[in-house]
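K.L.:
Test case, fold it:
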Amino acid sequence: MHVDALIIGGGPTGLFLGCALAARGIRFRVLEKRLKTVEHSRSIGIHPPSLEAFDDLDLVKPILAAGHQLNHGVMHHNHRPLAGIDFSGINRRFPFVITLPQSQTETILAQALEQRAPGVLLRGREVTHLSGNEIHCQNGERYSAEWIIGCDGKHSQVRKLAGIAFPGAPYPEEFIMGDFSHTTENSSIASKRDSANIHLCEQGLVESFPLPNQRRRIVAYRANLEADASAETFCEEIQKRIGVDLSQEENFMLSAFTVERYLADTFVKNNVLLAGDAAHVLSPIGGQGMNLGWLDAMTLAKEFPDFKTYAQRRRICARKAIKRAETNMFIARPTAIRLKVAVTSCALRFPSAWLRRRMAEQFTMRGLE
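P.N.:
Take a look at the predicted model:
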C-alpha cells in the first residue's frame with residue numbers, strides 16, 4: 001500500500017505527528033522497531049507551547065488529568081531560597097508546566113492514535129534500507145510513501161540512510177537523575193508540591209521537580225558521584241549539597257546521563273524529512289528536547305505536503321533552544337557560584353515585570369513555536 005507519509009519512529013514525536021496527520025485526513029503509517037513503550041521515565045516536562053499544540057488536536061485533557069501542574073520555580077543557595085519565578089502570566093490557556101513521565105505520555109499518545117487512525121502504528125518494524133520512496137524493514141516487509149519522515153531519535157536510521165550529516169559532540173558535564181517518593185513535608189525540596197526547586201551548589205546544580213503519584217524527580221551534577229552510584233550514595237550526596245534527607249524515601253529509578261549537542265545539516269532532503277531528536281539533540285537540562293520535537297511535528301503537519309519553510313524555521317528554533325540549553329548548562333557547572341547567585345538573585349528580584357516575565361518565558365519555551 002502506498003501512502004502519503006511514512007513516519008519512522010513511534011516515540012513522542014512520531015506518535016504526536018501521527019495524531020496531527022490523522023486530523024488532516026492524510027494517509028500514513030507509523031513504523032516502530034520497539035514492541036512496547038519503554039517504561040523508563042526519561043523526559044518529564046510538557047511546556048505551554050506543547051500544551052497548546054495538544055489542545056489544538058483535542059489531546060490535552062488526558063495529559064492534564066495524568067500529569068502534575070507546576071506553577072512556579074524557586075532558586076536556592078546554601079539551603080536558603082533566593083527568589084522565585086512565577087509562571088502565571090506566561091500563557092493565557094496554560095500558565096504552567098505539566099510534569100508527566102515520558103512513558104505515560106507515550107501511552108496516552110498511542111491510545112489517541114489508535115482511536116483516530118486504527119492500525120496505523122506498526123510495531124516490530126526496524127528500518128534497514130531506503131530506496132527512493134520505499135522503505136525496507138528487517139522482517140522483509142516493504143512500505144512506500146510520497147514522504148519519509150524520520151522521528152527515530154538520536155541514532156536515526158532514516159537520517160543515516162538519507163546521507164544527512166549530524167555534526168555535534170558531547171559536553172564534558174555528566175548528571176545523575178533519580179525518581180523518589182515524596183513524603184517528607186518539612187524540607188525545602190518538598191516545601192511546595194507545585195514548585196520546581198533549583199539549587200546552586202559548590203558541587204554543582206541540583207534540580208527537583210514534582211511528579212504525579214507523590215513522587216519527585218531529582219537531577220544532580222555528577223561531580224564526585226560515580227556513574228553507577230547506589231541510591232544510598234546518591235541520597236548522602238544530596239543531603240550534603242542541599243540538606244534534604246531522602247534516605248527514608250523509596251527510590252524508583254536512578255540513572256546517569258551525559259549531555260550532547262547535535263544539529264542536522266538539513267531537516268529536508270529530497271523526499272526525506274526529520275523531526276525531533278533525529279533532527280536535533282540538546283542538553284536535557286531545561287527540558288526542551290521532547291517539546292521541541294512536538295513543535296517540529298505540528299509545523300510539519302500544518303505545512304504538509306509543501307515544506308518550503310519547514311527546514312529553515314525549525315532549524316532556527318533548534319539553534320535558539322540549543323543556546324538556551326547551554327545557558328542552563330553554564331548555571332549547572334560548579335564554577336563561579338557566588339557570581340551566579342548574585343546575578344540570578346538580582347535578575348529574579350528585579351522590579352521590572354517585563355524582565356521577570358521574560359525569564360519565565362525562557363524556562364517555558366516561549367519563542368520556539
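K.L.:
which phi and psi does residue 68 have?
P.N.:
Residue 68 adopts backbone torsions of phi -110, psi 130, taken as degrees, to the nearest 10.
K.L.:
nope, residue 179 is what I was after
P.N.:
Torsion angles at residue 179 (phi, psi; degrees, to the nearest 10) stand at phi -110, psi 130.
K.L.:
now residue 228
P.N.:
Dihedral pair for residue 228: phi -100, psi 30, per degrees, to the nearest 10.
K.L.:
Wait, a strand at residue 95?
P.N.:
No: Residue 95: not assigned to a strand; according to DSSP: H, G, I helix; E, B strand; the rest coil it is coil.
K.L.:
Check what pLDDT it gets.
P.N.:
You'll see residue 95 listed with a pLDDT of 93.
K.L.:
Would you mind measuring from it to residue 253?
P.N.:
29 Å (CB to CB, to the nearest Å). Where you see a C-beta, it was placed from the backbone N, CA and C, and this is true even at glycine.
K.L.:
do the same with residue 90
P.N.:
Counting by CB to CB, the gap from residue 90 to residue 253 is 30 Å.
K.L.:
Show the contacting residues for residue 133.
P.N.:
Under the criterion of CB atoms under 8 Å, 6 or more residues apart in numbering, the neighbours of residue 133 are 2, 144, 145, 146, 148, 271.
K.L.:
Looking at those residues, which is nearest residue 33?
P.N.:
Nearest to residue 33 out of the contacts of residue 133 is residue 148 (CB to CB; 15.2 Å).
K.L.:
Apart from its neighbours in sequence, what residue is nearest the residue nearest to the spatial centre of the chain?
P.N.:
With distances taken as CA atoms, centre = their mean, the residue of the chain nearest its centroid is residue 290 (3.0 Å). Spatially, and ignoring its direct neighbours in sequence, residue 290 is nearest to residue 43 (4.1 Å; CB to CB, 6 or more residues apart in numbering).
K.L.:
what ranges do the strands span in the stretch 151-300 of the chain?
P.N.:
For the stretch 151-300 of the chain, the strands defined by DSSP state E, counting those that start in this stretch cover 168-181, 195-200, 206-211, 215-221, 251-263, 268-269, 272-274, 280-281.
K.L.:
I'd like those laid out as CSV, including mean pLDDT and mean neighbour count.
P.N.:
Below are the strands of the stretch 151-300 of the chain laid out as CSV (pLDDT from 0 to 100; neighbours: other CB atoms under 10 Å):
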stretch, mean pLDDT, mean neighbour count
strand 168-181, 94, 18
strand 195-200, 89, 24
strand 206-211, 94, 23
strand 215-221, 94, 23
strand 251-263, 95, 16
strand 268-269, 98, 18
strand 272-274, 98, 27
strand 280-281, 98, 26
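K.L.:
Same list, those strands, but as a markdown table with distance to residue 102 please.
P.N.:
Below are those laid out as a markdown table (distance: least, CB to CB, whole Å):
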| stretch | distance to residue 102 |
| --- | --- |
| strand 168-181 | 12 |
| strand 195-200 | 17 |
| strand 206-211 | 11 |
| strand 215-221 | 11 |
| strand 251-263 | 12 |
| strand 268-269 | 27 |
| strand 272-274 | 20 |
| strand 280-281 | 15 |
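K.L.:
Those strands: which one's closest to residue 297?
P.N.:
Nearest of the strands of the stretch 151-300 of the chain (CB to CB): strand 272-274, 10.3 Å.
K.L.:
Indicate each strand paired with that closest one and its parallel or antiparallel sense.
P.N.:
According to DSSP bridges, strand 272-274 forms sheet pairs with strand 142-150 (parallel), strand 268-269 (antiparallel).
K.L.:
contact partners of that strand?
P.N.:
Contacts to strand 272-274, defined as CB under 8 Å, 6+ apart, come from residues 130, 147-151, 156, 158-159, 162, 164, 264, 267-268, 300, 307, 310.
K.L.:
Pull out the buried residues from these.
P.N.:
The neighbour count (16 or more other CB atoms under 10 Å) marks 130, 147-151, 156, 158-159, 162, 164, 264, 267-268, 300, 307, 310 as buried among the contacts of strand 272-274.
K.L.:
May I ask you to name the longest helix in the chain?
P.N.:
With secondary structure taken from DSSP state H, the chain has its longest helix at helix 310-332.
K.L.:
ok, residues contacting that helix?
P.N.:
In this structure, residues lying in contact with helix 310-332 by CB under 8 Å, 6+ apart are 171, 173, 175, 198, 200, 204-205, 221, 259, 261, 263-264, 266-268, 273, 275, 279-280, 282-283, 285-286, 288-289, 292, 295-296, 299-300, 303, 340, 344, 362, 365, 367-369.
K.L.:
Before I go, just wanted to say thanks for your time.
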